[in-house]
Structure formats: structure tokens, C-alpha cells
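1. quick one, what's the 3D model for this:
(chains A, B, C and D)
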Number of protein chains: 4
Amino acid sequence: MENLPILQDLDKPRDHCGVMAVWGHPKAAELTYLGLYALQHRGQESAGIVSSDGEKLYPHRGMGLLGDVFRDQSSFQQLPGSSAIGHVRYSTTGSSSLANVQPILVNTKDGPVAIGHNGNLTNAVSLRAELEKKGAIFQTTSDSELFVHLIARSNKPTLPERLQEAMLELKGAFSVVLISRDEIIAARDPHGFRPLCMGRKGDTIGFASETCALDILGLPYERDVKAGEILSVSARGMESLQYAEPNLNLCVFELIYFARPDSHIYETSVDKVRRKLGKILAEEHPADADVVISIPDSSNTSALGYARQSGIKYEIGLIRNHYIGRTFINPSQFMRSYNSRIKYNPVRGVLEGRRVVVVDDSIVRGTTMKKLVGMIRQAGAKEVHIRIASPPVRWPCFYGMDYPTRKELIAAFATPKEIEEFLGVDSLRHLSIEGMLASTRDKPTNYCTACFSGVYPVALTDPAQLAELVEPDKAWAKAELERVLRSIE
Amino acid sequence: MENLPILQDLDKPRDHCGVMAVWGHPKAAELTYLGLYALQHRGQESAGIVSSDGEKLYPHRGMGLLGDVFRDQSSFQQLPGSSAIGHVRYSTTGSSSLANVQPILVNTKDGPVAIGHNGNLTNAVSLRAELEKKGAIFQTTSDSELFVHLIARSNKPTLPERLQEAMLELKGAFSVVLISRDEIIAARDPHGFRPLCMGRKGDTIGFASETCALDILGLPYERDVKAGEILSVSARGMESLQYAEPNLNLCVFELIYFARPDSHIYETSVDKVRRKLGKILAEEHPADADVVISIPDSSNTSALGYARQSGIKYEIGLIRNHYIGRTFINPSQFMRSYNSRIKYNPVRGVLEGRRVVVVDDSIVRGTTMKKLVGMIRQAGAKEVHIRIASPPVRWPCFYGMDYPTRKELIAAFATPKEIEEFLGVDSLRHLSIEGMLASTRDKPTNYCTACFSGVYPVALTDPAQLAELVEPDKAWAKAELERVLRSIE
Amino acid sequence: MENLPILQDLDKPRDHCGVMAVWGHPKAAELTYLGLYALQHRGQESAGIVSSDGEKLYPHRGMGLLGDVFRDQSSFQQLPGSSAIGHVRYSTTGSSSLANVQPILVNTKDGPVAIGHNGNLTNAVSLRAELEKKGAIFQTTSDSELFVHLIARSNKPTLPERLQEAMLELKGAFSVVLISRDEIIAARDPHGFRPLCMGRKGDTIGFASETCALDILGLPYERDVKAGEILSVSARGMESLQYAEPNLNLCVFELIYFARPDSHIYETSVDKVRRKLGKILAEEHPADADVVISIPDSSNTSALGYARQSGIKYEIGLIRNHYIGRTFINPSQFMRSYNSRIKYNPVRGVLEGRRVVVVDDSIVRGTTMKKLVGMIRQAGAKEVHIRIASPPVRWPCFYGMDYPTRKELIAAFATPKEIEEFLGVDSLRHLSIEGMLASTRDKPTNYCTACFSGVYPVALTDPAQLAELVEPDKAWAKAELERVLRSIE
Amino acid sequence: MENLPILQDLDKPRDHCGVMAVWGHPKAAELTYLGLYALQHRGQESAGIVSSDGEKLYPHRGMGLLGDVFRDQSSFQQLPGSSAIGHVRYSTTGSSSLANVQPILVNTKDGPVAIGHNGNLTNAVSLRAELEKKGAIFQTTSDSELFVHLIARSNKPTLPERLQEAMLELKGAFSVVLISRDEIIAARDPHGFRPLCMGRKGDTIGFASETCALDILGLPYERDVKAGEILSVSARGMESLQYAEPNLNLCVFELIYFARPDSHIYETSVDKVRRKLGKILAEEHPADADVVISIPDSSNTSALGYARQSGIKYEIGLIRNHYIGRTFINPSQFMRSYNSRIKYNPVRGVLEGRRVVVVDDSIVRGTTMKKLVGMIRQAGAKEVHIRIASPPVRWPCFYGMDYPTRKELIAAFATPKEIEEFLGVDSLRHLSIEGMLASTRDKPTNYCTACFSGVYPVALTDPAQLAELVEPDKAWAKAELERVLRSIE
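-> Next up is the predicted model:
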């Protein structure tokens, strides 16, 4: 793509995907589409739906936002049937191509099957080599294609069992939805890295990455798909197969940043967790200031929490331009210098002469934050205090988040003092790991904190992944940071 | 267009346009583009830029958002020169066509000239008939084309004088920018209905509907173009021609809803006016409640003002899906029933069991509000109290806002009690006209309040316009309201 | 357009346009479309139709071939009514833009009117300047727009009279069709430069540039629109207004090359004229040879005539690739060297060891012919004798053909000997002017021979046109020829 | 696709594909593209090229004509390297989709490989089922995908050997080109059903379905790829592997209709064979007539042969509109009635009052011929005598031609007398099988005549194919013929 995806904040990790499935409704594809609309924040690069009318599977997939892929009602006339699965996807630049768009649909000896996958496999490279040695032909560069090859090779009598056989060979993070001619399946890896929930109204059953997608359909939330569970729905009803012992390592970043605040995931209200993150942040790191502002919209709730706890008044200090499309025309070096100002504009009347607390949910590279701090100061702020509602991100994720490499994570190579200087702020404070975990509902050990702590719950074996863990060279990293900064400048 | 513009809230008036101009910068077209990005909220149906390199004018215009019209860097290679004007436009469905996209560019005996117009003429119909009788051929159905015909017919020696001659014949609202081979002009009608401001840095001069567009360019605000002033910039410098006595009738709805909160217009900070609207609203109409929420994003600031004044805590009770594109696929009757839920989702944790104050800036038809009230109640709210930060809208606008006809304005035919019942709320209260005017900086008589009061500062003569003032038949209006409601349902 | 129009032979003149009109049929627009299909050879750059349902005019126009502009049945749903006019257009590169696409449709005080024009005005520049001085605004750079401005300014009571008033001011070549809400008009300049014929079946009346368009509709040919005649069709029936004395100067190139061989124009069968051109050519310039071949498809008929008269057998010696689209991807210098071979391939079995007569209808630059001669020799021809079924083209046309400028016409600056050498042929002979005129039905003085003789029947006044008549500098012309040759190489 | 492919004559069989390959040229992809241009008549539904730069394979493929798929020079910047293969494809409506576009490119354990296939496998169904049982996942519905699955499963050390192993399992017709990182392969089944030739100039080697593609590249023809031969080109030079004994069954329809007349295939000049077909046809079936005409362009050469032998003069009696695009807008029933007239127009002057011999190469359904006969009669022909330069087509083809099913072949169910009546002609005569074979260079037994004789040289096993051989019910067939006739009417 020739355009720079300006919606994509270089300063945030990106989720890979959102998944959706609907069973038992004459307009299953349309419901799936509506559900995906609510999950669009989880993936904006491509979208797709596969439906079944009991005899055939029907795909409609394409690059772009849902609105790009489903342009008119005719899209749905080609998606008949009362069951459907859908997927929205993000991916790294290298592998963003039509071939990788999900759901992946293939024909096997047992009939057609399609899958949508949220997560990341950690043993994809070696498994793929092994299958290719046996003559398998891969059509995509996506690790998700391993599911269908393993299913196609399994000789088990039912699809859930074939899926079980496949999943037992796969390591890493996977919340998946599958569709065959006559059933829908939702399954989650034993660690439960990625969320997956289920709702039901009458005969209609829905699965979704987040409850906000069930809300849009008016399907009351019933329960989460359990870690290690394969949940299938067919004419025989719903059947649960607990194919592996759960060993929870829920992704805490879903609560901090990815999920929508109106969602419940991991049986918790995201909105409430975020407000508590802000409150504990205020307790851990108070500031002597006049106003609290957020970076709209992702840190609105934690900023309100901080304001409430600290007693400092909450104001709207930055206006976000929501008319920015997914892409922004390929900027000349000249235009690039206006990039941050296109997206945010400070409200001078709120900031001028004030000591400002800026609450954000996370910092990855620090580049966007540096720009914003400059704008806030230019609007007349007397002091700028950054409060981050999560610990410093120091390690890459291999379970479904797309981070820059370790050497690009500012907290992986710079001291807190250095970061403060880099950002040009009066103070920068992060929430502690303990504070973060205290904001959640579950017991702390049920969360994966790898990106903060470097403790990886699923062993890494792929040499390319191991190479990403190496300590970054500080000089190189700083130079690189400057380069990125100039490039977004 | 086959798709329903879902971004377009049927419950709000729409502004017609935003204008932008840049003089004295080698990348004038790119700066104009950036400025228009900040003005995109003023018009989303079409966009265009015309630049000059001193010898020729170069147009690039198209239907859609800026991102649709300017798809890559090559668009700017076709817009050379150091001066440019730009325009974003909304229009009523009937006349939305490529031919009407602005800036309008024509060749006259004195060379090419292009114009971008924000506002609405009230004597367009008769003037057009008169010119056609003389053999003039109109290419568009837009009233803005009258400017160029009058300019082309004038025999005055300079463009500002030709424009003056034209503007003296035109009645109504017009903030315009013009470009010829060697000058840029910005002008405003004597009533100053629509805003227009000027900024400057070094040799670069910019004109824009709102200051947020100057901010994005880093051009410090210098002053407003005055009502009745023609301000031209050329190699001879800047020249002001006060072509008519100012007689201020500023559009107060710009402050209430249209303008971005980070803008200054009419020499006032929009953000401050909105906070004050909320505060006075809280004084005039307190509520016994637990939380104050806004309809994001347009009433965020007034809701904060209401919360601050009332002492009731501000919460984020509705999440808006910002990934909705400009259009949403042509909904079947089936899909339409999900429309409101696609755009907004309530945060149950905030609303459940609470007495809720919902602050909004305005109500036109009442249809969207009715849907939202339903969602808020379904999320468990115990009571719902609507507080509107402007008076009831009872009259159409002929000066640049696009309202439904009078019979579709709920406050024009229903009693307050009836509206409360229609919306299904515990109480509904509007700000008074006095309260509204007290929130502004200027003296009250400087504002146009026609849409609230029915007092039209520029006489209406066009029979079609006069017909719109007739008292609506109540039975008909109610039936129509039900119909609209079902259609968006 | 970024692509090279490979269909466009640089070695032939181009016609500017074809026109079509249908009255009195419920599917008038569809019939007009079918008729234009038969006229597509007269213009391939843009196409358009305007229909009337008695109340409004409906346009559908676009760049490209008919198949590009009318993509599906829906195009015709937007063209209701029982009358329609249509146009296909070629134009010089400079002015090929959407704005210039015909029919031109405008609103006048007397209602909407649209026009399609085949031909070229010779006093366009001065007339346009005059109208602009009076405040007229021109939307296109096409001379055809003058018609509508003059019509709009006329105060005559009926459209035919307004058109008459307009046409009396216009000099040059014009066969036009017009449509208003309630009538269709076809008219031709007093010289009759361009053809225009009429057919009728029952209540349906059609006008077309050539009879092949009437054939496709099954409308039997009735008569030509006369030179100097305005023929209007309305509810009152057909009315003829002979607005000026005919003074015939029919374009003889229509018979030689432009018109389709299955057409009758100027009351003559094109096929028969071409066969006779070939026969007289064989008489004037016999050749001692083994086979006669044509350059498919335009010289097939004259080659058959030559073969018949000379007794030398006719063979198919060149195969033309008809799958070449209108455009060919913008060739790198590398690809360009394959250009001729893409379009034509010699049939070795026909040419090898033979003395070959190549009959072509005309030579303009000589560049394509030079390529073909090289290919024919490479396929083993022993001798190559070129016979051209028209005299040498030495002068530009200002009446509707698009030639290169005079200095690019090889016969304008090179001696016959030099041309033979340039082409690399054993002999090159052209038909005489007398021989050419003897092939036609009319008396010789009824034809325009300006491009062969330099005798221009309508006086030229535009300085730009006069400048094109200057004797070309031979050295410059040769260098230019080499340059063109390399560019198409 | 919503449009009717009007280029596709329902009255002719269709070839499935053309293939092309280039080795040893820095612009290999561009040469391949040029070669495909010459082969466009072999397939117009999709096109593709895969190139190699020694390290990676690069694909560019799409639906449509070459001009649709390769829109600008940038297409070739994405196809680097000095070797490339290409493919143009036709297919039955059911399976025309992007997924089936060739060359098929896959990754195997031995690296990437791409293949372009001309022909049809007869054991595809059973082989595919067998592979799927082993877990293979097929991405397309095309039989050509079997090649790559069998190659991927082979454990032979070199690609030619892996291809040999694959081809020994495949039955039917296949002329293929393959590309890997470091070699190009061309291969042909032992029967040699489809042509495949090789040309060379310096270090550049080209393979193509027909020599006209070598001509365009200026690569002198060297020899055919032999039936049963795998010819590979790599840094080690050219290597031939005769993997199976040749047992010739050349498709005679290539000579009659498919191949371009300027091509040599099967070491024969197509042009000469066609002229001889016409001559023998004149001997077998003389006619007492005034003129011989062809159906342009496919029967031009055989009509010339007939005219020469019979002494009756050859004339151009039908003009074909070459501006018809690949598709014609989805015709309403109304427009359909004009279909034949859009494509052909009779030349009245040639036909009026004459006894006309119409020479065509073949008749399949008879529907187009019936329309043409009607047009010829309407233009005044006194008698119409059809002479067909091939025997009656009575059987389907399973080796690479796309015919209607047997019951749609008019000669399979109607007597000669009945066909004459259906067409409305004075006489209809077909060439005999012996006469046809006598026109060729090879000995008669070297040709496949299955479509004329029902003698299938490769045994059919697929039940679906066997079902197509059943004797058609005459009443049903006639009704169906009427239906088709109405549908194209």
C-alpha cells in the first residue's frame, strides 16, 4: 500500500485480530458483519466473512476496513445461510496481502472448512517445514494456515476431534472460530491468551472476541469460551470438549489498551479496570498539577480515574480529528512534519498557564508522546507530567500483539531519566506491575506479563524469535529512535 | 450514492462548507490540504483545491472525503504554485453531484478565477433567472455560481472591485475565498453569518473558516476577516476594502455545535463558550441525579461544564465507534434496526442503577436521541434526564445550515410534554435563548437566533423559502416523525 | 492518460467525431447506443448520450470507448424517454478531458439543450473572445461550446431559429445533432464537409454520421440531411429549414479512409468507391508483381480492386491482432521497439520469395509504413511496391480531420524519390487527384481536396491556423521524422 | 461477471489456454507479456506472468485481457529477473474466478515453483480425491493444480525428474511451462494434443503455444517441444528428457480454427493448411454462384482457397466491428435482438442480387450462422450456399477445447437436411474427414479427430465425462436449440 496508515499509532502495540461467529439466524452473515463492526479496532487491514447454508461455504474477503470490503447489500446476497464466521485482521507490513486475509477457507476430504484466528503460534516455523517435507503446499505466509493443514491430515471422525488433534500440536496463542457445512466451532488455547466470549438469544448463538460485538447484536453474554475448550454448535446442540487443562496466562494488555471500554473480557468490565488503573496510578504517582487530560480516546477512562482519585479536575485538552481516514496520503518529507497536528490539536484555553497531568495507557517507542508534549507546551502549559497506566514495556510479545522489536522499545534501553529528557517532560511515571495486576479481577498469576517482565509463559523455540530477546545496543537504539522520530516528523 | 451516510446524524443540522486559502508558500496546495483536514467536520461530501503558479490555475476536486479525493502525492504535483484555495462541502441530497463540487473554476475575459463559498444566498433564484435571460449558461445548480457570473460581467479594473460589484447584488450569507493568477481574496458578507479568520507567519498568509486549520499549519491567528470586508493579498501586499457597513448577525450554532472546540471563532474560544453553556444549563435546569454523561464527541465539553457546575460526577457512559466510515452499506430493513447500536454502545457499569443526566448540544428531529435513551435504559439506568445546551430549534435556516424542513423539527409542532413522552425520558429541559446568548462573548444582538426565534435578519423573498415558514400541520408532522423513526430504525 | 493509444495509427489522419440521434422510440437511448457502436471508428476517446422524456434531459458521458462509458444496463435506466442524441469523440491530446466530452448539455432561459458536433469551426477563437468580453463563461476548451452560447443568447422563438441564428455566425465544418425537451434537430453546414444521414421506420426516426448506424437499428435509409439544412423533428412532425444555400465541399477522405465500407455517405456506397479507387490505381500505376496484399482492414477493399484490375492474385499477407485494447501499457523505450509487431505479423508463406504489391489508402507520416515494409522484407519478400489509393497528403485540414502539422506530413517536404528511400521500397506510387475524384459519384468540384491540393474552400482567419500553412523547413522536418520514428520504434 | 462476452462466439469451440516462457533476457517478463499478446486469441478470461530473479518468484495475475491485467509499466517493475513464464486462459463460466488464474504459484519444500498449463486432464477427478485423502488441500477447482501437488510430493532430486514423476500419473492433454528459481521447463504430453514450440536468439530462449508469439519477439523458431519430452533450460544449458514414447494425436482443430494463420504449429504453416482446406472443399463441394465471402476473420484464408479453386470471385461481404470490447453490456431482451448486427454488417453492394457462397471454418450450434444467413438474405442475396472447411462436429472434446455438451451440437442430433432448413440456406456442405486430413502435412493417423469421429485416443474414465457421450434426445435438443437461439436473439 502506498499510503501511510495514520490511524496506526507507532507508539502503541497492535492487536492482530478480532473474530466473530453466528449460529442459528437466517441473516447470519449480516449479524457477523455487524459484530465485526464493533471489533474493527482489533484489526483494520483486512476483513472477511465465510457463511454456510448447510451445503456450501461462501467466502467474501478483502483488504481494508469493513466498509471497503462490504460495499453494498449484494455482498450479503452472496453469503447465504444461517451460520457464519468473520475476521478482522492487522498484520506486519511484510505479509499484508490478499492471500493472507482470513477466514482461511479450504477444501478437505471431509468437506470445506474455514477458520479465523486471533493470536500467534510459537512453533509455526518448525511445524510448517515438517509438513512441507511431506508434500504440503502452503498458500499463505500466515501461521494460521497450519490449523487447516493439520485438520486436513487428521483422520478423526468429527471436526472437533480433528481440531483437537491439530491444536495439540500447536504452541502459542489462539482463539479461533471455525465453520464447516453444518457446524460452528469456537476454541481457545489452554493459556487463554486472547479473549473469546459467547452470547445467546433464543436459537441464535454468537461468539466474539469481545462482548461489545454481542451487545451490538442484542445477544446477552452467557459465558467465556474456556481456556483449553473446544465448543461446537450444530444441529445436535452445543457440545464442549475440554481438550487440555487450562493454565491461565491472560493478556493484560487487552484490559489496558486493546479491548473497548464497553466490553467485558475475562469476565471483567474493561471500563472498571481502566478506572482502577487510573486510581492506583494516582495513588502510586501523585502530581502537583491543575488539570488532568487524556490522550483521546484510549486513555479517557484511566484519566477520569486519575482525576477522581487525585481530586485534580479533568479537562479535554486535546481534540482528536476523527475524520482522518485509515490512510493518509503518502507524505512527502514536507507533509510528514504536520502528521501529529493532523491527528490532535491542543485546546489552548485548557492548557495555557496550567500544570498539566497527561494520562496515557502505555508508551512503546515514545515518539508520538514526544510530539504531543511539544504541542501541549506550545499551547502554553507551564508543566507537563506524564502518568502511564501500565508498567514500562521492555520485551516483545509472541502471543498476538504486534510490537516493534525489542531495540525499538524505549524502556528497553533508556533509563527513566533519559526518557523524561527525550520526551521533554517535567516528570514521567509508570504504574507498577503490582499496581496493574491489582486493578484486575483475577488473581495476579493468571495474567501474562511477558512484555513488562520478560517472563514468557510458553517456551520460545523459533530462532528468529529468540534473536529478538537479545539486549539492544544502546547507541544503536538511540540512533534508531532518532531515525523513527525524523521519519514520522 | 447508494449508501446511507451514517456519520450524518439525522438529529443535527449540517453546516454547508469550510473554506481555506494559503498565500506565499512553495507548498501552498499541501498546506491548504492540511488545513482542510482540520475543517473536514464542516463538509464531507466533496472536497477540492485550486492552486496558482502565477500563470495558470490548477484544479483538483472530487466527491468524498479529503482522503478519497487526494489519494496520493501525485495529486499535489498537479497543484503547483505558491497560492491555493480549498473547500469542503456538504449539500442536500438533490444537488450532490460532481458538477457542484467547489472551488468553482471559470475562465473570464480577465483570466481564470476560482471561488470557494461557505453560506447560502437568499436571492439566488431571482438573480439566476435574470442572468439566464441575458444568455448566461449555468453549469451547476449551486447558488455559489452566481459569484463568478457577476464577476465575469463586471467591467471594473481589479478583481476585488469586480467582487465588490458582485457582492453588492447578493443577499444572504457568504464567507468566500477566491484565487486568480496573482492574488488571493477572502471576503465576508456584512452580517458575518459564517466565520472566517486570518493567520500569518513570515510571508505565508492563511485564511480559514476556523482557527483549528491555522493551528495545524502553525500559522498564528492574526485577526478575523471583518463582516463586509474584502481582504486581498497579492505581490502588492495585503489590502482591505470595507465594501459595506458591518451589521453583525453571527451564527450562534457555530459556537454550539458546528465549530471544533479547539477553534476560536468570532474572537471567542469555542471550548470556553461550550463549557459556559453547560454551566448556565446546570443553573437553569438542575437535576437530581448520580452521573452526567455526554453524547460523544460533540457535547463532551458542555457535559463537563454541567457536571462541574452541578457537582454531579462526569462519566463516559456511551462509547462511539470511530471506525464507522462515512457511509454504511445500504441497509436492508433488517440491518437498519442495528443502526444506532453500531454507532454507540452504552457502558453498562456506568449506567446500571443510576439516575443519569444526558447533556446534548441540540435536538432537531429527536430520532437519534430517542434511540439513545432506549439504549441507556436497557443498560439499566434508573432515570434519564435530558439537558440540551441550546434552545428548542423551531425554524429553518437560510444562511448556511442544512436543517430538515420546519415540519420535521420536533419542537416546531410538539409541546415539551409531548417531546418528553416521545423520547421516553423522565425530564427534558432546554437552555433559554438568554442563557445561550449569555454564554458568548459578544453582545446578544450581534447573533442570529433565527432558528430558535424565527427572527430572520436578512429578509426572505424567494417563494420557496417563504413556503418553508408555514406552521406545520401537527397530525402530519407526527406521522412523518414516526415514518423517519421507522426508516432509521 | 498514461497509456499510449496503440489503436491510433500515427500514420493516418483521425476523424473527430461521430453523431447519432433517435426520435420516437421508447428505448431511444439504447438505440442511440447501438448506433454509436457502429460509429465507434469515428471517435474512441469519449462517448456520451443525452436523452429526453419530454420534461428533463438526462446525460450519461465519460472518457473511453462505449464499453467503458456504458458498463451495464443501469446506464440506460438513467436515460429515460423516447428521444436521445449521442456522440463519440476523438480529440487532440491537449484538450482530451472529461469537460470536453459531448454531447454538451446546458440550461438556457428557454430550457435545457444538448448538442453533439462533428467537424471544426474556423472562426472559433475570435468568436469566443467576443463572447467572453460580454461576460460569457466557457466551461470547455472545445469549439463546439460556441453553439450553445450563441443559442442561449438568441431571442428567437423556436430552437431551430435560434440554431439558425447561431449557425449563421459560425464558419467551418459542422454536422450537428441537438436535443431539447421536445424536439430533435439535425443540421449540416452549407459546405456539407461532414456526412449526416436520416433513416426511418414507422414512427422512429434516426440521424447518423453514416448509414452503418442506421443498418444496425434496422432503420431504412431515407435521405441525407442537406448541406445548409436544419431538420427538426417534434410532435409536429419533421420540418426542414434551408437556412443557407448549399455550396458543396464534401470531405473526400471520408470515402477513402474514415467511413466504414458498409456505409453509404454522400449518397454513395463507400465499398464501391474504394474498389474503384483500387482499380484506377492499378490502371495509373501497374506493377510487375506476384501478389497484392492490403494493410488490414482499412485497405482491404481497394487492394481487392487493384488485384481484380491488375490480374495479380490477392493474398492475406499481414495478420492484424484485434485483441489489442484501446491502449497499450505505457511502453518503456524497450517495449516500444516491439510496437509494430504487436499489431501486425507477416504471413511468411505468402510473402517469401515473392514480388509484393502493398495497397494502402493513405500515408501521412510514413512511419508505420516504414515498419511494415521492414517486416515484409524480413518475411522474405523479393520486391516491395507500395500503391496508395489517394494522392500525397501535403496540407493540414481545418474542417474536422486531425492531421499532424504540415511539417510532419512527409509528402509536404520530401520528394517522391526521398520517400521511396525512407520507406525502403522498390517503388511508391500515389493515385492522382483526378483518378481519386473519378472514383466518386459526384462531380469533382463538389469535394474538398484541401489536404491534397492546398485549396481551402472556407477562408482561414485564425492566426494559429494560418501559421500551420507555412512551408516546412526540410532539414527540421527530416530530423523530426527521425525522432517520431525512434519514439514509435 | 455481469456482462455477456460478445467476443465469444457461441457457435465456435473455445481453446482453453496459451502459454509462453522466456529464459535468458534481462526483460524476461516484458518479453513474456509481448508474446502473450500474440496468444491472446487462445484465452481472454484471465492472464498472468511469474518471473524469477534467481532468488524469488514474482507473480502478477488477474482477470481480464492482458490490457486489463497489466495496466502500466509498474506491473513489470514487480516482475524482475531474466526468466519468466506466462499464461492466458479461458474457462467455463462455473470456474472462472481469480483463484483459478494461472500460472499457479506454490511453495514446496524444494522452493517455489509456478506452472502454466494448456490442455485438459482426463483423470483429474480420481487423482484429486486420492490426494485429498492424504491430507492435500486444493486451492483451485482447476485440474492444473494437480501438477504442483504431485511435484511437491515427489522426492526426486531435480525439478525435471519431479515433473516426470508427476506427468507419468497424469492422463490427457498437457502442454506446460514451469519456472523455478533457476530454471525454465517446457513439456508436452506423449500425444502432443496441444502445440508447443521453441525459438532462440543468442542467449535468449522462448517457448510458446504458437510461433506467432516467437515472431513478435524476433526469436527465430528452432523446433517443437516433442510429444513426451521435458525440455529444461538452466545455467547448465538446455537438457531434454524424453520421459515417454510419443504417440501422436495432434488436435486438428488447432489448424482449422484456433491457431493464428501466421503461426507454424506441428511444423506446418497454418495459413497453407487453411488455404488447402478451402481448395479441397471447393473440389468436394462446388457451388454454382457469383461470389465467395468469408465470415471475417477466421475463415478469410479458407474462403480465398475456395475462391481460387472454384474460380468464383472473392469479395468482402460482411464487415466485422472490431471496436466491440471483450464484453457487451448486459443486454436487456430488447438489446439482445441487435446482437448479431453489432458484430457484423453486410455490404449490400456485394450481396444484392448475387448467388453467394459463404465459407466458414466450422459450425457448432448453428445459431450465429443462422443469424448471418438472415442478414445476408436481407441484404438481397439471391441464393446462400454454406461451405464448411471441416467435417460436422458431433462429439465433445476432453483434451483442451471447450465445446457445448453433445446435445447442443447441432450435427449430433439433426440430419443435414434438417440443418439446412434450420439455417435457411439453399445448400450446406461440410468437408469430409479425409479431405480435412489430406490438407495437413502429417500422416492422417497422427491427428486426433475425436470431435468429428467419436474415436477418443486417450481412454475416458471420469463418469461425468462418459455421461457426456450419451446420444442426445432429439426432441429435447431441438427445444434447447430454440431456447439458445432466443437467448442470443
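
2. CA only for contacts and neighbour counts going forward, please
-> OK.

3. what residues does the stretch 151-300 of chain A have near chain B?
-> Residues of the stretch 151-300 of chain A lying near chain B by C-alpha under 8 Å from any C-alpha of the partner chain: A:212, A:215-217, A:261-263, A:269, A:271-272.

4. how about a cut-off of 6 Å?
-> Residues of the stretch 151-300 of chain A lying near chain B by C-alpha under 6 Å from any C-alpha of the partner chain: A:216, A:262.

5. list the beta-bridge partners for A:L121.
-> When bridges are taken as DSSP bridges, the partners of A:L121 come out as A:G172.

6. I'd like to know how far it sits from chain C.
-> Going from A:L121 to chain C by C-alpha to the nearest C-alpha, to the nearest Å gives 43 Å.

7. and that residue, how many residues sit next to it?
-> The tally of other residues near A:L121 (other C-alpha atoms under 10 Å in any protein chain shown) stands at 19.

8. I figured it was touching A:G172, is that so?
-> Yes - A:L121 sits in contact with A:G172 when judged by C-alpha atoms under 6 Å, with a separation of 4.4 Å.

9. so for A:R326, what's the pLDDT?
-> At A:R326, the model reports a pLDDT of 47.

10. what's the answer for the one 4 residues further on, then?
-> With respect to pLDDT, A:N330 has a value of 50.

11. next one: A:L409
-> The model's pLDDT for A:L409 equals 87.

12. swap in A:P5?
-> If you check A:P5, the pLDDT there is 39.

13. equivalent analysis for A:V19, please.
-> The model reports A:V19 with a pLDDT of 98.

14. go on, the one 3 residues further on?
-> Turning to A:V22, the model gives it a pLDDT of 98.

15. distance check, the nearest residue to A:P261 once chain neighbours are set aside against chain C.
-> Computed as C-alpha to C-alpha, 6 or more residues apart in numbering or on different chains, the closest residue to A:P261 that is not its neighbour in sequence is A:D271, at 4.5 Å. As judged by C-alpha to the nearest C-alpha, A:D271 and chain C stand 49 Å apart.

16. let me know the helix or strand that A:D271 is in.
-> In this structure, A:D271 sits in helix A:270-284 according to DSSP states H and E.

17. please work out which residues outside whichever helix or strand comes after that helix touch it.
-> Sequence order places strand A:291-294 as the next helix or strand after helix A:270-284, per DSSP H and E. With C-alpha atoms under 6 Å, 6 or more residues apart in numbering or on different chains as the test, strand A:291-294 has contacts from A:300, A:303, A:312-317, A:356-359.

18. if we ignore the residues flanking it in sequence, what's nearest A:E284?
-> Closest residue in space to A:E284, ignoring its immediate chain neighbours: A:L431 at 7.1 Å, by C-alpha to C-alpha, 6+ apart.

19. what about that neighbour, neighbour count?
-> Around A:L431 there are 23 residues (other C-alpha under 10 Å).

20. same thing with the one 5 residues further on?
-> A count of nearby residues for A:M436, using other C-alpha under 10 Å, gives 24.

21. which residue would be the closest one in the stretch 101-250 of chain A to chain C?
-> Relative to chain C, the nearest point of the stretch 101-250 of chain A is A:V101 (29.3 Å; C-alpha to the nearest C-alpha).

22. now do the closest residue to that residue other than its chain neighbours against A:L36, distance only.
-> Here the nearest residue to A:V101 in space, its sequence neighbours aside, is A:S46; by C-alpha to C-alpha, 6+ apart that works out to 6.1 Å. Look at A:S46 and A:L36: by C-alpha to C-alpha, to the nearest Å, they are 11 Å apart.

23. between the two, which is the more surrounded one?
-> Set A:S46 next to A:L36 and count neighbours by other C-alpha under 10 Å: A:L36 wins out with 31 against 26.

24. look up phi and psi at that one.
-> Main-chain torsions, A:L36, degrees, to the nearest 10: phi -60, psi -30.

25. go on, A:R406?
-> Per-residue torsions, A:R406: phi -60, psi -40 (degrees, to the nearest 10).

26. please apply the same query to the one 10 residues further on.
-> Dihedral pair for A:P416: phi -50, psi -40, per degrees, to the nearest 10.

27. element containing the nearest residue to it once chain neighbours are set aside, please.
-> Spatial nearest neighbour of A:P416, excluding adjacent residues (C-alpha to C-alpha, 6+ apart): A:L428 at 7.6 Å. For A:L428, the host element (DSSP H and E) is strand A:427-430.

28. what sits up against that strand?
-> Taking C-alpha under 6 Å, 6+ apart as the rule, strand A:427-430 contacts A:385-388, A:390-391, A:420.

29. neighbouring strands for it, and are they parallel or not?
-> strand A:383-388 (parallel).

30. still on that earlier bit, surely the residue nearest to A:E284 touches A:R387?
-> No - counting by C-alpha under 6 Å, A:L431 stays clear of A:R387, with 7.8 Å between them.

31. show me where pLDDT drops low in chain A?
-> Low-confidence segments of chain A (pLDDT under 70): A:1-15, A:91-99, A:324-333, A:336, A:404, A:487-489.

32. give me the domain ranges for it.
-> By the record's domain assignment, chain A is partitioned as A:14-247, A:271-442+A:472-488 (automatic domain parsing).

33. ok, the nearest residue to A:R188 once chain neighbours are set aside to B:M20 distance?
-> In space, and not counting its chain neighbours, A:R188 is closest to A:S175: 4.3 Å by C-alpha to C-alpha, 6+ apart. Per C-alpha to C-alpha, A:S175 is found 49 Å from B:M20.

34. between the two, which has more neighbouring residues?
-> Just comparing A:S175 and B:M20: by other C-alpha under 10 Å the higher neighbour count belongs to B:M20, 33 against 28.

35. residues in contact with the more buried one?
-> Residues in contact with B:M20, defined by C-alpha under 6 Å, 6+ apart, are B:85-86, B:207-208.

36. now swap in A:V347 and tell me
-> Contacts of A:V347 (C-alpha under 6 Å, 6+ apart): A:317-318, B:262.

37. returning to what we had before: isn't the residue nearest to A:V101 right next to A:G67, touching?
-> No - here A:S46 does not reach A:G67: they are 10.4 Å apart, not a contact under C-alpha under 6 Å.

38. returning to what we had before: where neighbours are concerned, which of the contacts of strand A:427-430 has the most?
-> Comparing the contacts of strand A:427-430 by number of neighbours (other C-alpha under 10 Å), A:R387 comes first, having 28 neighbours.

39. quick check: which of the domains of chain A is buried the most?
-> Stretch with highest mean neighbour count among these: domain A:14-247 (a mean of 22; mean count of other C-alpha atoms under 10 Å in any protein chain shown).

40. how much space is there between A:R42 and chain B?
-> 11 Å.

41. to clarify, my last question referred to A:I184.
-> Taking C-alpha to the nearest C-alpha, one finds A:I184 at 23 Å from chain B.

42. what about that residue, which SS state?
-> strand (DSSP: H, G, I helix; E, B strand; the rest coil).

43. so which strand or helix has the nearest residue to it once chain neighbours are set aside?
-> Excluding the flanking residues, the one nearest A:I184 by C-alpha to C-alpha, 6+ apart is A:V233, at 5.2 Å. Using DSSP H and E, A:V233 sits in strand A:229-234.

44. in the stretch 51-200 of chain A, what residue comes closest to chain B?
-> For the stretch 51-200 of chain A, C-alpha to the nearest C-alpha, closest residue to chain B: A:D72, 4.9 Å.

45. next, that residue: phi, psi?
-> Per-residue torsions, A:D72: phi -160, psi 180 (degrees, to the nearest 10).

46. kindly report the same for A:V69.
-> Backbone dihedrals for A:V69, given as degrees, to the nearest 10, come out at phi -80, psi -40.

47. which SSE is the closest residue to it other than its chain neighbours in?
-> Spatial nearest neighbour of A:V69, chain neighbours left out: A:G62 (5.2 Å); criterion: C-alpha to C-alpha, 6+ apart. Taking DSSP H and E as the criterion, the element that holds A:G62 is strand A:57-63.
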